[in-house]
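Engineer: Build me a model:
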Amino acid sequence: MTGIFRQKAPGNIILLIIVGVLLKLPVFFSSKGFIIKDSDSDLYRYLVSFIQQNSGDSAFVFASLAFILNILIAFILVNFTNTDRFVNKANYLIGMAYILITSFLPAFNLFSSNLLASVLMLLTFRLLFRSYHVGSAKSHMFNAGLLISVASLLFLPSIIFLLWGFIALLVLRPFRITEWIILLLGIIMPYYFYAAYLFLTDNFNVPEYFFHLSFISTKISLSLWHAGALFLLLAPLLAGFYYVQINADKMLAHIRKGWYLFLWYLVIAVLIALFEVDNSFENIVPILVPVAAFHGYGYLNTEVKQFPLIAFWVTAAFIIAAQLYSQIW
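Structural biologist: A predicted model of the protein is given here:
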């Protein structure tokens, strides 16, 4: 299986979807296909309400939308890392890794504000990274700020990703104050229109969901199954870190910077995940994007040729066992 994903073949798109459906099958039969938290924004609640009204409140529709978003993230990751030469050989291993690790827990496969924000954060990364080759990147800066802002209007802690945006500017581009200001203007614009809407509808006050935001939580309940999932998440991640580090001197300068930005992406995503943590674990979803990137790099560059094959089948077996015998599904 991993030998197939090591190649860049059109059929891998279909195979990736098939693997995703098989590993995530129980989600499509769940009683509720979406997650709403007290801290979720009004925009996200309106979106959920709109889908409910037009789908007959079908859990299957929500689960299908979440699956489409996860597949979209996998394809963006594959296209981004292949096209922009993050890897020395085009492949689908990063997409495979993302589909695998998002199958660990049901919360990763339910429609949530975190999943929507994750898509926008990845698009922000792609946009800012490609500004490295552009002389004037003002449109890139504005659009990146806009994406971060919309992500934060869906899931408020995503606003912290603005910090990653400034780190990306420092790493990728010479300092130009106008670009930093334009990035901030992109952040401000959606909030400006949202404030104008609240004013015109005579609801100009701080939205209620701001007051439900909390940092960390004591409601987390862990089991040995969670420990197993964590091990299968960390082992390939550490391998990816290792191979990125030893190959760093062989990379082009901007590719090396790109991998360091993936590392910073992971750090910021962990910080975001510490807000509104509860038993459903959906806050971990943004973390899985950079984790999958490092997994895929480790699979491609490992000196132990059987490692990707073993990792794939052990992970798949663990997921199926968890679905059949654990309480986490």
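Engineer: Would you map the helices across the stretch 201-329 of the chain?
Structural biologist: For the stretch 201-329 of the chain, the helices defined by DSSP state H, counting those that start in this stretch cover 224-247, 253-273, 285-301, 307-325.
Engineer: now for those helices, which one comes closest to residue 160?
Structural biologist: helix 253-273 (5.3 Å; C-beta to C-beta). C-beta here means a position set from N, CA and C on the backbone, and glycine is covered the same way.
Engineer: any low-confidence regions in the stretch 201-329 of the chain?
Structural biologist: Applying pLDDT under 70 to the stretch 201-329 of the chain flags the ranges 206-220, 276-280.
Engineer: excluding its backbone neighbours, what's nearest residue 20?
Structural biologist: Distances taken as C-beta to C-beta, 6 or more residues apart in numbering place residue 99 nearest to residue 20, at 4.6 Å, with adjacent residues excluded.
Engineer: Helix or strand: which one has the one you found?
Structural biologist: Element membership for residue 99, per DSSP states H and E: helix 93-101.
Engineer: Also residue 4?
Structural biologist: For residue 4, the host element (DSSP H and E) is helix 2-5.
Engineer: Tell me which residues of that helix come out buried.
Structural biologist: For helix 2-5, the buried set under the neighbour-count rule, 16 or more other C-beta atoms under 10 Å, comprises 2, 5.
Engineer: The helix or strand just after that helix: how far from the chain's middle?
Structural biologist: Counting by DSSP H and E, the next helix or strand C-terminal to helix 2-5 is helix 11-23. Between the centre of helix 11-23 and the centre of its chain there are 19 Å (C-alpha atoms, centre = their mean, to the nearest Å).
Engineer: counting contacts, what elements does helix 11-23 pack onto?
Structural biologist: For helix 11-23, the packing partners by 3 or more C-beta pairs under 8 Å, 6 or more residues apart in numbering; DSSP states H and E come out as helix 2-5, helix 59-83, helix 93-101, helix 307-325.
Engineer: Pick the most deeply packed of these.
Structural biologist: helix 93-101 (a mean of 27; mean count of other C-beta atoms under 10 Å).
Engineer: what packs against that helix?
Structural biologist: On a contact count with 3+ C-beta pairs under 8 Å, 6+ apart, helix 93-101 meets helix 2-5, helix 11-23, helix 59-83, helix 224-247, helix 285-301, helix 307-325.
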